[in-house]
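J.: structure of the sequence below:
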Amino acid sequence: MNAFLALADATGCSGGSGKYSSEWSPTGMYLHVGLNLLLLFSASTTLSSPYDVRMIAMDLNYTLQWAWSDSQLNDSANFTAAYTFWNIKDDEGSYKYVCTGSRKHWCDFTPCKLYFKASFQIRVRAEAAGKYSNWTRLRFTPDEDGLLGPPSGVNMQGDVEMVILNISKSVMNSLMKLQYEVQYYEQQQPDLKHMKIYNDPYAPLTSLKPWTEYCVQVRVFNKDYSKSSSFTSPQCVSTTGRRVVWLKMLSVLCCVLLLGAVVYICCRRRRKISVYQTPNSILGLPLDHPPLLEAHELSCSIIFVSAPTPWLESSQLLLQEQDGTGKFQAVSCQGSNSSEQDSGIGSGEES
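T.: Below is the predicted model:
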């Protein structure tokens, strides 16, 4: 613009004193018309700059977003985004380019691993048909502008009158001291909520009602940075209770009865297997068939044996002389068929 004014001054658009003259000449009129047309043409060929530029920072994830529109190009421009440290002089060589010629209206700065406590100058511009828009700049400080994200997972386990929580650790634990706020309530009474704060991700909820379903939500916060995340989605789990004595006795009785039934069935089956069954070959014999084996029966008669003694010998001789015979009784055995067998003892007459 200053060049055009200098050109107008040099061509006599103003008086010799360097001030504009109140009198118009045809040459000055044509010059002003051309100047206005040139300014209008240069304005129409300039691309509009991105607007509503903001950095979405969650934990250590950084995404630059912006809006842009141009009625002549129908949103067909490319975009370039870069960054540098805030305290460095705005020099073109100090910038590091993250996205170049991208058609998207966002750029991911997460891989850059920006220092958490530093300040950065972020800039973005539009490009189309060899033309460039002006840079739109943004100051970004991660520890001030970043937000805390909720825990990525909460493992819940119901126990006797308690619920045990194991909360997943955040990537921000290495940068700041995080605390855990637990909000819990009975599922049947969602308006009656309770709060507990823990310094560790292990968070047991004690003194709860037995056999009751509880719902839990968790968020993290830091007092030094005055930051807090949003709550996680509700998760529900039921507590357990102490078993009553009669329930234990009933369970023991059921086990005993079951064991007795198993033993009884096993004994019945074993008894059926051990019963002797007469072979069919024997069962088929006629009744009048003589037995295969018979016990040999013996019948014996009792005998008396008397032997002469020396002091009776004289008497026996006397009797023999009187009777004329000397007799001895013998023992004989007869079988069941009345047959006689030799006993080995004989009888005879002494002459």
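J.: list the contacts for Gly146?
T.: Residues touching Gly146, when contacts are defined by CB atoms under 8 Å, 6 or more residues apart in numbering, comprise Ala57, Met58, Asp59, Leu60, Tyr62, Phe116, Lys227. Glycine gets a C-beta too; all of them are placed from N, C-alpha and C.
J.: show me which of these are buried.
T.: Ala57, Asp59, Leu60, Tyr62, Lys227 (16 or more other CB atoms under 10 Å).
J.: same list (those) but as CSV, adding distance to Pro201, secondary structure and pLDDT.
T.: Compiled in CSV, the buried ones among the contacts of Gly146 are given as follows (distance: CB to CB, whole Å; DSSP: H, G, I helix; E, B strand; the rest coil; pLDDT from 0 to 100):
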residue, distance to Pro201, secondary structure, pLDDT
Ala57, 23, strand, 97
Asp59, 16, coil, 96
Leu60, 18, coil, 96
Tyr62, 25, strand, 98
Lys227, 18, strand, 95
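J.: how about those residues in TSV, adding distance to His194?
T.: Rendered in TSV, the data for the buried ones among the contacts of Gly146 read as follows (distance: CB to CB, whole Å):
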residue	distance to His194
Ala57	32
Asp59	28
Leu60	32
Tyr62	36
Lys227	23
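J.: and these, which two are furthest apart?
T.: Set against one another by CB to CB, the buried ones among the contacts of Gly146 have their most distant pair in Tyr62 and Lys227, with a gap of 15.6 Å.
J.: before we move on, which element is Leu259 in?
T.: Remark: Leu259 resides in helix 245-274, with elements defined by DSSP states H and E.
J.: could you pull out the helices in the chain for me?
T.: 2-10, 26-44, 142-145, 245-274, 280-283, 310-323 (DSSP state H).
J.: need phi/psi at Asp224.
T.: Listed backbone geometry of Asp224 is phi -60, psi -40, with angles given as degrees, to the nearest 10.
J.: just list the residues touching it, thanks.
T.: Neighbour list for Asp224: Met176, Lys177 [criterion: CB under 8 Å, 6+ apart].
J.: ok, Pro234 next?
T.: Residues in contact with Pro234 (CB under 8 Å, 6+ apart) are Cys215, Val216, Gln217.
J.: from the residues you listed, which is closest to Cys236?
T.: Nearest to Cys236 out of the contacts of Pro234 is Cys215 (CB to CB; 4.3 Å).
J.: where does this structure dip in pLDDT?
T.: By pLDDT under 70, the weakly predicted segments of the chain are 1-45, 72-75, 243-246, 272-351.
J.: what about 80?
T.: Counting by pLDDT under 80, the chain contains low-confidence ranges at 1-46, 70-76, 89-90, 242-249, 268-351.
J.: residue ranges of the strands in the stretch 101-250 of the chain, please?
T.: Counting by DSSP state E, counting those that start in this stretch, the segments of the stretch 101-250 of the chain that form strands are 106-108, 120-128, 131-132, 136-140, 154-159, 162-167, 179-186, 193-198, 202-205, 213-222, 227-228, 235-238.
J.: from the contacts of Gly146, which two are the most distant?
T.: Set against one another by CB to CB, those have their most distant pair in Tyr62 and Lys227, with a gap of 15.6 Å.
J.: do I have it right that Pro50 meets Phe79?
T.: Yes. With the criterion set as CB atoms under 8 Å, Pro50 and Phe79 qualify as a contacting pair; they are 6.8 Å apart.
J.: common neighbours of those two, please.
T.: Contact criterion CB under 8 Å, 6+ apart; residues shared by Pro50 and Phe79: Trp66, Trp68, His105, Val124, Arg125, Ala126.
J.: buried among those? Need that as a selection in PyMOL.
T.: Buried members of the shared contacts of Pro50 and Phe79, defined by 16+ other CB under 10 Å, are picked up in PyMOL with:
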select buried, resi 66+68+124+125+126
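J.: possible to save the shared contacts of Pro50 and Phe79 as JSON lines with distance to Tyr132?
T.: Supplementary listing: the shared contacts of Pro50 and Phe79 in JSON lines, determined by distance: CB to CB, whole Å:
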{"residue": "Trp66", "distance to Tyr132": "15"}
{"residue": "Trp68", "distance to Tyr132": "13"}
{"residue": "His105", "distance to Tyr132": "17"}
{"residue": "Val124", "distance to Tyr132": "11"}
{"residue": "Arg125", "distance to Tyr132": "6"}
{"residue": "Ala126", "distance to Tyr132": "7"}
